[in-house]
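**Q** one predicted model, sequence on top.
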Amino acid sequence: MRWIRFAVLVLLASVLQAGPMSVLGVGRPGVKPDLLLILLVFFASRCNATNTVITSFAIGFVADLAAPIHDVMGPRTLSFGLFGTLLFDLQTVFSIRRPIYQGAAIVVMGFLTAALSCLLAAIRTGGETNLAAQLLWQPLYSGVLGPLFSLPAGWWMHMNRKSRRLYGRTSRQKQ
Amino acid sequence: MKHKKFNLSRGVLFAWGTSLGLIFLFVIPQRASNRLQLTYASVFRWPLAWGRSVTLAANRPVRPPDVSPEEYQDLLANDRDLRTKVANLRARLQDVQQRYEQLARLRERPGWESTGFRQAGILSAPDSAQSQPVISRGTQDGVAKGQFVISLSDQGAVDESCSVIGTVSTVGAGAAKVLLITDKGSQIQAGAGALSTKGILEGQGDRTARILISREHAALSVGDPVYALKQPGLEVPAIAGRVASCQVYRDNPLFWDIRVRPVCEVAALRDVVVLVSAPRPQ
């Protein structure tokens, strides 16, 4: 795993998310694809178990920094970490490397992470969120565009090979 | 030298990450979280600002080819001005419509069809130093001394939204002062309860009014309505206040000393209505 490239990619995604992604905004509340959510699914589908846990929590932490819900730190770290790890485990059932499955995974992960994040933020602050935009439209939009963003991300991370072998040290290599 | 690697199990990493999230969520104070987010924003200030400018540039309407840049900027400025003016006019229209609806509701009340109304804004609300509010209507609007002034608001129950708050005491050309029913010197004919108990409602100057009623009548309960009775200047009885207390009058035990609080808080009112049909004789 190339961690410096990973850090650059995640920070770049957070900066793009805060600014230029608004160009792709659709509708009244300005729904735009969530790049960090796309990266979460991307790394969960390509990394090994340990790296998936690290990348999921790290992406969630950056999401909390760049686009916090009600200015609270923590909800997205927890939700991204939890569901990123679960997504990795689900790959034993089906592969999410194919673009259609990857898009579907982004939609489902978007629903789940947004629901948990909003719930945790509401527990902490008691504030209300635009749930329709957060839970429905943004994951759908991200799911449509997600597979497209995965290509340049894979090129940057050198993770575009076609085999299903996961990136990172496997148990056999450890021995 | 052999490079040593840390071998942490997935479970340990997950526990660490979860703990980090929970600590940020519930332990670290919001101020520290805000500082962290601001640090991120200041570190990435330039790319964020660049991204913002890119977004604004992308959302800017495209200049037609036959318009010069200076003309285009002028047109954009005019467009902004016009949008602001339209928004202000729209707000004013909504305000006028709201007032019109309130007056229309007032006219629909039985007995008030032939009454003339002058809607007036409250220019200065009553306070501890100046008890009489000033309204924005005067002699040039037909307002005269002694006319009744009623509230115009959505306060209280439906029947209480138009309650007598006082009478015009001083009139100028474009403004007038209102003597509230609770002000010293205010006296209006009033009836309490079922209107069978009548008396003079006198302002006490302490945000209450008093009405003395013979003890032949039963004692009133706290909260019972007190009405300004039909009299010159007021075509139909209208609620003025509610009973705050009912005790035996100390100076003359043959009377009930009934303290009355006004129905609406005058300090919270924005508009009132002056009944201009007939001035009340002084």
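**A** Noted; the coordinates are in hand.
**Q** contacts for stretch A:1-8?
**A** Applying CB atoms under 8 Å, 6 or more residues apart in numbering or on different chains, the external contacts of stretch A:1-8 come out as A:Phe43, A:Cys47, A:Asn51, A:Thr55, A:Ala58, A:Trp156, A:Met157, A:His158, A:Tyr167, A:Gly168. Where C-beta positions appear, they are placed from N, C-alpha and C, glycine not excepted.
**Q** now do the helices in chain B.
**A** Taking DSSP state H as the criterion, chain B contains helices spanning B:10-22, B:30-43, B:45-59, B:69-107.
**Q** just to revisit the earlier point, ok, the contacts of stretch A:1-8 vs B:His217, which is closest?
**A** Using CB to CB, A:Ala58 comes nearest to B:His217 of the contacts of stretch A:1-8, at 80.6 Å.
**Q** the closest one touches A:Leu11, doesn't it?
**A** No - using CB atoms under 8 Å, A:Ala58 is not in contact with A:Leu11; the gap is 10.5 Å.
**Q** who has more neighbours, the two?
**A** A:Ala58 (22 against 17; other CB atoms under 10 Å in any protein chain shown).
**Q** can you give me the pLDDT of that one?
**A** Here, the pLDDT recorded for A:Ala58 equals 93.
**Q** how close does it get to A:Thr77?
**A** Distance, A:Ala58 to A:Thr77, by CB to CB, to the nearest Å: 9 Å.
**Q** likewise for A:Leu148?
**A** 26 Å.
**Q** please identify which of these two sits among more neighbours.
**A** Legend: neighbour count by other CB under 10 Å for A:Leu148 and A:Thr77, higher for A:Thr77 (29 against 12).
**Q** does the more buried one really touch B:Leu20, like I thought?
**A** Yes - applying CB under 8 Å as the test, A:Thr77 and B:Leu20 come out as touching, 6.4 Å apart.
**Q** where does the nearest residue in space to B:Ile28 that is not next to it in sequence fall, phi/psi-wise?
**A** Nearest residue to B:Ile28 in three dimensions, chain neighbours excluded: A:Met73, at 6.8 Å (CB to CB, 6 or more residues apart in numbering or on different chains). Note on A:Met73: its backbone torsions stand at phi -90, psi 140 [degrees, to the nearest 10].
**Q** try A:Leu24
**A** Per-residue torsions, A:Leu24: phi -90, psi 10 (degrees, to the nearest 10).
**Q** ok, it - how many residues close by?
**A** A:Leu24 has 14 neighbouring residues, counting by other CB under 10 Å.
**Q** in space, what's closest to it - neighbours in sequence excluded?
**A** Using CB to CB, 6+ apart, the nearest residue to A:Leu24 is A:Lys32, at 5.2 Å.
**Q** grab the longest helix from chain A for me.
**A** Secondary structure of chain A read by DSSP H shows that its longest helix is helix A:99-125.
**Q** sounds good, over and out.
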